[in-house]
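**Student:** everything below, folded, please.
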Amino acid sequence: MRVVLVNWAKIWDGASHGGGVNGYCQALAIALRRRGHDVISVCSGTTHLPGDRTCVVRRHEDWLGVRVFEIVNSPVLAPSITQFSRPLGEVSAPELETEFGRLMDLLRPDVVHFHNIEGFSIGCVDRARDLGARVVYSLHNYHTICPQVYLMQGHRRICTDAENGHACARCIDVRPWEEERARRAAQYVPAVKLRPRPTDELRAHAEELRGALSWVKRAAGAAVGIGASLGRLLVGGNREEPPPPPGYPARGPEDVSRLIPLKVLAPPGRDGAPPDDPRGSTREVLGELAPPRRPDPADTTDPERRPLLNLALPDPPSPRPPNEYGVRRAAMIAMPNRCDRVLAVSGFVRDKFVAMGVRPEVIEAQAIGTRINRVVSLAPELAFAPPPFERASPRPVRLVFMGYCHYYKGLDMLYESLEMLSPEQLRRIDLSIYALEGQMAEWLFRRLEPRLARLTYVPGYKFHDIPWICGGKDLGLVCSVWWDNAPQTVFEFLACGVPVLGAAVGGIPDFVHDGVNGLLFRGNDRADLARRLAEVVENPWLLERLRTGVRAPKDIDVNAAELEAVYLARGPASSPPPAPGANGVGLHSAPDPARASWGAGAPGPV
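**Tutor:** Below is the predicted model of the structure:
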């Protein structure tokens, strides 16, 4: 089969640019190639040329046997947050759709598999279908119903009501579309512009001509140097403008009496507060004079700290007519219904999209595969088991966190939960943190370091580092504070034989089974995470039993075979609709053991 994989990021970058979705696309392309298929990658939305706004397809050199095409100057920017100020661009972009359709007409694929449409538009999905290809759409995240992907209002509060798009309009501040496009064009390096490569014959002639004219080049170089020196002498030296002096003039009464507000590049503070003064030790002094209220980790009245349950519910009806964001959402929900098959990466993601209006018969939950099993198999000695716990004097528990250092992954929440433990409990924790872009949070954990048995803090890691990161560890931490779709770190821990302590949100409970291969705590609940941390510290032998229940995740080659069947199948998806919950919609929640562990009187869903 000829299979086109559509994703905004370039396939050779993998997870380093484009996150887990692009890492998965990379692994899937290789697996499909190994199965004998003709695989093509199409990306869009990231390259814009200075001065030239023509949307055009360009071809890159093949990548490991995969043909690679990029749509340059796409009117839809990627990643999606850079397109946020123009929501309707992701609905319809005629110039982009014409060029995408032209490429599909040239390729004539059997299957077009969209892994998202960041950098593309709904019209591109329709073009692929109209040309006769079987269209498969994978729901890796919430981009189709949330233009900033995470379903988190202001990046902090779970979004359960978009108010027909009016909540989206006030959700986040972003750089305007025109400014972002101009920034990209200014950064584009002319030397890397795509151009036809010369043939071997032309390249040989060029080398011959270059050698014959080398004396001209040497003579010309000397002449240019002499000319430049004479020019500097004639015009009186270097005419470059000197840098401006600091600050503002102080020439008269008005200059010395007027107020000069601080101009900084820092973004405004939360809830519209002015930006912090970044100069010198200003922040420390302000913190000393007016210390901020230290949040109580057990306080659930703050919307940002309210426990999160795994309830897949629709938005409530809104009396307000839809704005552009509301129109975008309605179109994005209608689009999957026109695909041949829609694949959700977890049961919760499936239930959520069914609750939002995707027809149950076209969508099924299918866990993605991973290539981490292959990476571990190349050096299995790195992913070794930790030493046993002695009954008389057990060693410290080895905990490990891997992932991005941003709010969604819950690193701040982990710190607050650790602060809720007693000094005796902290002394029995050996904590390792490998956090991409983790410099921002390191200071928090350094404050904990004297109270821990040991702290290892590394602000970054590579995919192939994972086996040795996990080697000898007792428990992996996945502390997501949002409906995380199907985090790759869960698969990576399990592939290395490490049980997982995970939030019972999104797709995590599909893979982490409480008391079997890990433990679950209630999402965004600092006190419940602290309770489970205390449990493993006080009873570390539990971890030895959990390790015996760990199984490797689905391999990417197994997943490729499953997708092969999807590509060839006809008719609706085979999985049944979700069990009816409140208001007759799907209800996806954590397994019963985890729910029981939350205790009676737990706060309701947000």
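**Student:** what are the ranges of the strands in the stretch 401-550 of the chain?
**Tutor:** With strands called from DSSP state E, counting those that start in this stretch, the stretch 401-550 of the chain shows them at 429-436, 454-458, 475-478, 500-503, 518-521.
**Student:** now mean pLDDT and mean neighbour count too, for those strands, in JSON lines please.
**Tutor:** For every residue, glycine as well, the C-beta is placed using N, CA and C. Output for those, formatted as JSON lines (pLDDT from 0 to 100; neighbours: other C-beta atoms under 10 Å):
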{"stretch": "strand 429-436", "mean pLDDT": "96", "mean neighbour count": "21"}
{"stretch": "strand 454-458", "mean pLDDT": "97", "mean neighbour count": "16"}
{"stretch": "strand 475-478", "mean pLDDT": "98", "mean neighbour count": "26"}
{"stretch": "strand 500-503", "mean pLDDT": "98", "mean neighbour count": "28"}
{"stretch": "strand 518-521", "mean pLDDT": "98", "mean neighbour count": "27"}
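**Student:** reformat the ones you listed as TSV; add distance to V56.
**Tutor:** Shown next, in TSV, are those (distance: least, C-beta to C-beta, whole Å):
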stretch	distance to V56
strand 429-436	34
strand 454-458	42
strand 475-478	42
strand 500-503	44
strand 518-521	49
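**Student:** between these, which gets nearest to P50?
**Tutor:** strand 429-436 (30.7 Å; C-beta to C-beta).
**Student:** and the contacts of that closest one?
**Tutor:** By C-beta atoms under 8 Å, 6 or more residues apart in numbering, the list of residues contacting strand 429-436 from outside reads 396-405, 411, 418, 421, 441, 445, 448, 452-461, 465, 469, 473, 533, 537.
**Student:** give me that answer again for 7 Å
**Tutor:** For strand 429-436, the external contacting residues (C-beta atoms under 7 Å, 6 or more residues apart in numbering) are 396-405, 411, 441, 445, 452-461, 469, 473, 537.
**Student:** partner strands of that strand, parallel or antiparallel?
**Tutor:** The strands beside strand 429-436 in its sheet (DSSP bridges) come out as strand 397-404 (parallel), strand 454-458 (parallel).
**Student:** can you tell which of those strands is closest to G101?
**Tutor:** strand 397-404 (35.6 Å).
**Student:** now the closest one: buried residues?
**Tutor:** V397, R398, L399, V400, F401, M402, G403 (16 or more other C-beta atoms under 10 Å).
**Student:** quick check: pLDDT value at the nearest residue to P388 once chain neighbours are set aside.
**Tutor:** Excluding its sequence neighbours, the residue lying closest to P388 (C-beta to C-beta, 6 or more residues apart in numbering) is E544, at 6.5 Å. You'll see E544 listed with a pLDDT of 97.
**Student:** can you give me the neighbour number for E544?
**Tutor:** Residue neighbour count, defined by other C-beta atoms under 10 Å, stands at 14 for E544.
**Student:** equivalent analysis for E254, please.
**Tutor:** So E254, with other C-beta under 10 Å, has 7 neighbours.
**Student:** make 54 the starting number, not 1.
**Tutor:** I'll keep to 54 as the first residue from here, and by that count the last item is E307.
**Student:** would it count as being in a strand?
**Tutor:** No. Under DSSP: H, G, I helix; E, B strand; the rest coil, E307 falls outside any strand and is assigned helix.
**Student:** output the helix or strand encompassing Q79 as CSV, restricted to C-alpha atoms.
**Tutor:** Assigned by DSSP states H and E, Q79 belongs to helix 72-87. Provided in CSV are the C-alpha atoms of helix 72-87 (Å, rounded to 0.1, in the frame of the first residue of the first chain):
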residue,chain,number,x,y,z
GLY,A,72,6.6,15.8,21.0
GLY,A,73,5.2,12.3,21.4
VAL,A,74,3.0,12.5,18.3
ASN,A,75,6.0,13.1,16.0
GLY,A,76,8.0,10.4,17.8
TYR,A,77,5.2,8.0,17.1
CYS,A,78,4.9,9.0,13.5
GLN,A,79,8.6,8.4,13.1
ALA,A,80,8.5,5.0,14.6
LEU,A,81,5.3,4.1,12.6
ALA,A,82,6.9,5.1,9.3
ILE,A,83,9.8,2.8,9.9
ALA,A,84,7.6,-0.1,11.0
LEU,A,85,5.3,0.3,7.9
ARG,A,86,8.4,0.4,5.7
ARG,A,87,9.7,-2.8,7.2
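**Student:** the helix or strand that that helix is followed by to helix 72-87, inter-axis angle?
**Tutor:** Scanning forward in sequence from helix 72-87 by DSSP H and E, the next helix or strand is strand 91-97. When axes from the mean of the first three to the mean of the last three C-alpha atoms, to 10 degrees is applied, the directions of strand 91-97 and helix 72-87 differ by 160 degrees.
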